[in-house]
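Student: sequence-free structure coming up:
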Ligand code: GLU
């Protein structure tokens, strides 16, 4: 029986040829040096921060080279698929403003000429290539049961031999085609394996974009190509998909590095040009309990899921800026020199990536977010807070919407100066810092945090005299402060802190204590932005009303 007859017996319905697919998916018409990259997750429903970093780079290099970035869903391992798992990934990318040129753009939507971009929809394509390998004697059906494979493995472990299906351990490798056909017709279950032409004694050299030159032994394992459910194993799907989709750069986790010899062999025997590979180190964190470094885990760490940042209202740009600091070792310095530049202006380089992985530092990310928000204009803060609260805090959303101009002026306090205020670390933080600016929230429950001066009669006195004698809405900031000093003086408080420190026996306190009373009476809080500006923003009536709440107590 010839190999061709065996191949026809296994795949009687495959009529297309390898050449047909080569024609269907021609070489892309892109300019020299254009990078085609892809993000190829399983449909697990969410993007991990480590993958987001990879994706950011996978998007960036085509952007720098007029290339293409596409999303392919790798669902050949049904165990890793969850319901609506594709949509979750698409949403995460959308929320992070990572544009997909081609591929899967929704649970049931794909765009581009190199699809289908969901592996389970490409079964026929894999079968066609498997068939062609069987015809060439480079693949064969294997009937070994899981028990038999376990037995081989145990034996190898016992004898301290290399684990795997190779050489004399590859029991089905040298069956005759007649025997194979007999067992197939006998309905024995089987899978398709590669008939590896490799020799473990030979060395191959491979150049990783991040790790440089690596020397591996050649692959001699008869790895599985097609599983018992008819779907391909990662190695086979990777070779076929990345070839037919004309991927030039494969960026993936370092867990795939050891499989490179298998991939090189598969690309060779299939006659495909090898893409460039970059195997990226893990994103790790210091475990809170043990203090040891470990992988950032989607199970244990809330900050591992990119949805966390969206829900917290941490600006996408800040997350990206942070990720780039762990992506390229020279990025942070570049950012310090170009604080207002965008990531798009930065030139990414693979050799500035850490091969040993990187440590994830949420606090640093939050700090970048804080700086980022502090540099937005008041209008931008307003618009983005509106967008955030619309999704996550309807009550605040309605208030912000109702008081648009007022809110923008509020966000503008201490914003357009050289060192802007940096209160907010995220858009979810804004309410914590501004609620007292809105009567709707302020009136709900007031808990005054008076400080040094906390005798209510004294407080009432300060407020009354201030309103009656000193408060004038028209005053400029300097005059306003002069008046607070005079008020202090009239009531026995030092006009200057220094003066008080030198002669504390002569005074009840100092001007800072008095302005604290005004601040707390107005806002109930002891820490607020510039008091003068808040009073300006409130307007005379609201200032007096709030003071009266205490005076009339
Ligand atoms: N589906 C594989 C994974 O999630 C993709 C690896 C690759 O990018 O080739 O690890």
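Tutor: Looks like it arrived, so ask away. Being a predicted model, the structure only gives us computed values, none of them experimental. Residues are numbered from 1 along each chain as shown.

Student: Which residues of the chain lie near the ligand?
Tutor: 40, 41, 42, 74, 238, 250, 252, 253 (CB under 6 Å from any ligand atom). In this view, the C-beta of every residue, glycine as well, is placed from N, C-alpha and C.

Student: Kindly indicate which of the residues you listed lies nearest residue 428.
Tutor: residue 41 (27.0 Å; CB to CB).

Student: Nearest residue to the closest one in space, please, no chain neighbours.
Tutor: Beyond its immediate neighbours in the sequence, the residue positioned closest to residue 41 (CB to CB, 6 or more residues apart in numbering) is residue 89, lying 5.7 Å away.

Student: Test my guess that the one you found contacts residue 47.
Tutor: Yes: here residue 89 reaches residue 47: they are 5.8 Å apart, a contact under CB atoms under 8 Å.

Student: who touches both of the two?
Tutor: Contact criterion CB atoms under 8 Å, 6 or more residues apart in numbering; residues shared by residue 89 and residue 47: residue 41.

Student: ok, residue 365 to the ligand distance?
Tutor: Using CB to the nearest ligand atom, to the nearest Å, residue 365 is found at 24 Å from the ligand.

Student: Which pLDDT value does the model give that residue?
Tutor: On pLDDT, residue 365 comes in at 96.

Student: separation between it and residue 237?
Tutor: 34 Å (CB to CB, to the nearest Å).

Student: contacting residues for residue 112?
Tutor: With CB under 8 Å, 6+ apart, residue 112 has these contacts: 70, 101, 102, 103.

Student: Could you check how many residues crowd around the third one?
Tutor: Residue neighbour count, defined by other CB atoms under 10 Å, stands at 20 for residue 102.

Student: Skipping adjacent residues, who's closest to it in space?
Tutor: For residue 102, the spatially nearest residue (CB to CB, 6+ apart) is residue 112, at 3.2 Å.

Student: pLDDT averaged over the longest helix along the chain - what is it?
Tutor: Scanning the chain for the longest helix, with DSSP state H as the assignment, gives helix 49-65. Mean pLDDT, helix 49-65: 95.

Student: Quick check: next helix or strand after that helix?
Tutor: Downstream of helix 49-65, the first helix or strand assigned by DSSP states H and E is strand 68-71.

Student: now what about that next one, what contacts it?
Tutor: By CB under 8 Å, 6+ apart, strand 68-71 touches 28, 30, 34, 36-40, 58-59, 62-63, 89-90, 93, 99-105, 112, 114, 117, 245.

Student: Of the residues you listed, just the buried ones, ChimeraX syntax please.
Tutor: Buried residues among the contacts of strand 68-71 (16 or more other CB atoms under 10 Å), as a ChimeraX selection:
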select :30,34,36,37,38,39,40,58,59,62,89,90,93,100,101,102,103,104,105,112,114,117,245
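
Student: and the contacts of strand 68-71, which of them are in strands?
Tutor: When those are checked against strands (DSSP state E), the matches are 36, 37, 38, 39, 102, 103, 104, 105.

Student: okay, these in a markdown table with pLDDT next?
Tutor: Shown next, in a markdown table, are the ones in strands among the contacts of strand 68-71 (pLDDT from 0 to 100):
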| residue | pLDDT |
| --- | --- |
| 36 | 98 |
| 37 | 98 |
| 38 | 98 |
| 39 | 98 |
| 102 | 98 |
| 103 | 98 |
| 104 | 97 |
| 105 | 96 |
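
Student: In a helix, residue 284, correct?
Tutor: No: using DSSP: H, G, I helix; E, B strand; the rest coil, the assignment for residue 284 is strand, not a helix.

Student: Verify the stated contact: it with residue 361.
Tutor: No: the criterion here is CB under 8 Å, and residue 284 misses it with residue 361 at 10.4 Å.

Student: So for the two, which residue has more residues nearby?
Tutor: Taking other CB under 10 Å, residue 284 and residue 361 do not tie; residue 284 has more neighbours (18 against 15).

Student: Name the nearest residue to that one, ignoring sequence neighbours.
Tutor: residue 293 (5.0 Å).

Student: picking up where we left off before, can you pick out the most distant pair from the residues of the chain next to the ligand?
Tutor: Within the residues of the chain next to the ligand, 42 and 250 form the most distant pair, 16.0 Å apart (CB to CB).

Student: and residue 385, what does it touch?
Tutor: So residue 385 contacts 313, 400, 407, 411, 427, 430 (CB under 8 Å, 6+ apart).

Student: The first one: how many residues sit nearby?
Tutor: This means residue 313. Residues within reach of residue 313, counting by other CB under 10 Å, total 23.

Student: I'd like to know how far the closest residue to it other than its chain neighbours sits from the ligand.
Tutor: Once flanking residues are discounted, residue 313 sits nearest to residue 427: 3.1 Å by CB to CB, 6+ apart. Separation of residue 427 from the ligand (CB to the nearest ligand atom): 31 Å.

Student: any idea which element residue 427 lies in?
Tutor: Going by DSSP H and E, residue 427 is not in any helix or strand.

Student: That one and residue 384 touch, don't they?
Tutor: Yes: counting by CB under 8 Å, residue 427 touches residue 384, with 5.9 Å between them.

Student: neighbour count winner among the two?
Tutor: residue 427 (23 against 17).

Student: The more buried one and residue 534: what is the separation?
Tutor: In terms of CB to CB, residue 427 sits 21 Å off from residue 534.

Student: next one: residue 59
Tutor: Counting by CB to CB, the gap from residue 59 to residue 534 is 43 Å.

Student: Ok, residue 545 next?
Tutor: Residue 545 is 14 Å from residue 534, by CB to CB.

Student: Which residues are in contact with each of those two?
Tutor: Joint contacts of residue 545 and residue 534 (CB under 8 Å, 6+ apart) do not exist.

Student: And the two? Which one has more around it.
Tutor: Neighbour totals were compared for residue 545 and residue 534, and residue 534 leads with 19 against 12 (other CB under 10 Å).

Student: in what helix or strand does the more buried one lie?
Tutor: Counting by DSSP H and E, residue 534 is part of helix 531-538.

Student: what is the mean pLDDT for that helix?
Tutor: Mean predicted confidence for helix 531-538 is 97.

Student: On the C-terminal side of it, identify the next helix or strand.
Tutor: Beyond helix 531-538 on the C-terminal side, the first helix or strand identified by DSSP H and E is helix 540-551.

Student: Tell me which residues of that next one come out buried.
Tutor: 543, 544, 546, 547, 549, 550, 551.

Student: Spell out the residue ranges of the strands in the stretch 251-400 of the chain.
Tutor: Ranges of strands within the stretch 251-400 of the chain are 276-280, 283-286, 293-295, 358-359, based on DSSP state E, counting those that start in this stretch.
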